[in-house]
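Asker: Fold the following.
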Amino acid sequence: TYTADQSAGTLTKEWAGKLGLSPDVKVGVGAIDAHFGAVGASIEPYTMVKVMGTSTCDMIIAPADKHKNQLIKGICGQVDGSIMPGMLGMEAGQSAFGDLYQWYKNVLVAPFEELLKDKLTEEEIKNITDGLLPLLSKQAAALPLTEDDEISLDWINGRRTPDVNMLLSGAITRLTLGSSTASIFKSLVEATAFGSKAIIERFIEEGIPVKSILAVGGISNKSEFVMQTLANVLNIPIKVVRSQQAGALGASMFAATLSGVYPDIDSAQKAMSSGFERVYTPEKEKAAIYEKLYKDYLSLGDKLS
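Answerer: So this is what the prediction gives:
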């Protein structure tokens, strides 16, 4: 594997002229944007970096010499050096995360958009509907957590990991006359957190420990409710990376290494890391209840898959 700290060559005369740079400028070997994001987030061995947006990308690295003959079952891929030189890079993820919340919002607001289209402008309607998910998050956070709550499946766009099956679909169960828009939203958020837990458990089952979790991406900065729920379900503290552009930061770390500013990518990481914005710590009482609800989630998935 040619790693991103290596040179693929130098600028062509044409591009050197267009950019006003020397043709001796080195061009580094490329990498996947999410992998650069993991480096920019300060990934370390056995640390999971979660890129959290419409979907998720979950990345872990482990010493290649220790795991070089090991095939991790049910994940998206693994490549020696794909994230960090000398490390086995492993990737998993969920095919719907924020997309699931957005789908629920769209279902709720569609009739009202139709009813209001002759009374309000598109901008006025958007200003109203944009407040729906923050409102539901506030209401859901205030609900009591019990072992009898609604249980949902997050496979509304299929299941990427563990064990890819894009023919699966989502579900919302345990609905009663007491179910509300907020309680259903809460179950959808919990479903995405349970999906994340299933990924982590698969890594652990395959002999890859997950010692810590770092989060980047839009949801990690926008939704305290989602992040606290995730920390409670995983029962692991989650550090939110301060940089809003972890991918660009990781690319610049490799560029600084390639150009000789730093001797290796580890040194570049230590010098250029943005640090962390905040840490979400598990709430013990809720984490215990979520252990039971997670088992119910797995049982539901077994029945419907």
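Asker: how many other residues sit next to Pro111?
Answerer: 9 (other Cβ atoms under 10 Å). Glycine gets a C-beta too; all of them are placed from N, C-alpha and C.
Asker: Distance check, it against Thr229.
Answerer: Distance of Pro111 to Thr229, computed by Cβ to Cβ, to the nearest Å: 28 Å.
Asker: How about Leu143?
Answerer: Taken as Cβ to Cβ, the span from Leu143 to Thr229 is 11 Å.
Asker: Neighbour count for these two, which is higher?
Answerer: For Leu143 versus Thr229, neighbours defined as other Cβ under 10 Å are more numerous around Thr229 (25 against 13).
Asker: Downstream of the helix or strand harbouring Lys239, the next helix or strand is which one?
Answerer: Element membership of Lys239 [criterion: DSSP states H and E] is strand 238-241. On the C-terminal side of strand 238-241, the closest following helix or strand by DSSP H and E is helix 246-258.
Asker: who does that following helix touch, helix- and strand-wise?
Answerer: Other helices and strands packing on helix 246-258, by 3 or more Cβ pairs under 8 Å, 6 or more residues apart in numbering; DSSP states H and E, are strand 26-28, helix 33-40, helix 265-272.
Asker: Any idea which of these gets closest to Ala16?
Answerer: Of all these, it is strand 26-28 that lies closest to Ala16, at 10.7 Å by Cβ to Cβ.
Asker: And the closest one, what's buried?
Answerer: Applying a neighbour-count criterion of 16 or more other Cβ atoms under 10 Å, one finds Gly28 buried in strand 26-28.
Asker: strand partners of it, parallel vs antiparallel please.
Answerer: strand 7-10 (antiparallel) (DSSP bridges).
Asker: Using CSV, write out every CA atom in the strand it pairs with.
Answerer: Below are the C-alpha coordinates for strand 7-10, written out as CSV (Å, rounded to 0.1, in the frame of the first residue of the first chain):
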residue,chain,number,x,y,z
SER,A,7,5.0,11.3,-2.7
ALA,A,8,3.1,10.3,-5.9
GLY,A,9,5.3,12.7,-7.9
THR,A,10,5.6,16.4,-8.5
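Asker: Can you list the residue ranges for strands in the chain?
Answerer: 7-10, 26-28, 47-52, 56-63, 77-80, 87-92, 151-153, 171-173, 212-216, 238-241, 276-280 (DSSP state E).
Asker: would you turn those into TSV with mean pLDDT and distance to Ser187?
Answerer: Converted to TSV, those look like this (pLDDT from 0 to 100; distance: least, Cβ to Cβ, whole Å):
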stretch	mean pLDDT	distance to Ser187
strand 7-10	96	48
strand 26-28	96	45
strand 47-52	98	19
strand 56-63	98	18
strand 77-80	94	31
strand 87-92	97	23
strand 151-153	99	4
strand 171-173	99	6
strand 212-216	99	22
strand 238-241	99	20
strand 276-280	98	20
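Asker: Can you say which of those strands is packed in most?
Answerer: Greatest average neighbour count among those goes to strand 47-52 (a mean of 26), per mean count of other Cβ atoms under 10 Å.
Asker: Please name the strands paired to that strand in the sheet, noting orientation.
Answerer: In its sheet, and by DSSP bridges, strand 47-52 pairs with strand 56-63 (antiparallel), strand 212-216 (parallel).
Asker: what's the distance between it and the middle of its chain?
Answerer: 5 Å (Cα atoms, centre = their mean, to the nearest Å).
Asker: For it, which outside residues touch it?
Answerer: Strand 47-52 is contacted by residues 34, 37-38, 41, 43, 56-61, 97-98, 196, 200, 203, 210-220, 238 when judged by Cβ atoms under 8 Å, 6 or more residues apart in numbering.
Asker: Which helix runs longest in this protein?
Answerer: helix 181-205 (DSSP state H).
Asker: From Leu11, how far out is the closest residue to Ala16 other than its chain neighbours?
Answerer: Excluding the flanking residues, the one nearest Ala16 by Cβ to Cβ, 6 or more residues apart in numbering is Pro23, at 4.1 Å. Here Pro23 is placed at a distance of 5 Å from Leu11 (Cβ to Cβ).
Asker: and the gap between the residue lying closest to Gly28 once chain neighbours are set aside and Ala268?
Answerer: Nearest residue to Gly28, sequence neighbours excluded (Cβ to Cβ, 6+ apart): Leu258, at 4.6 Å. To Ala268, Leu258 is 10 Å away according to Cβ to Cβ.
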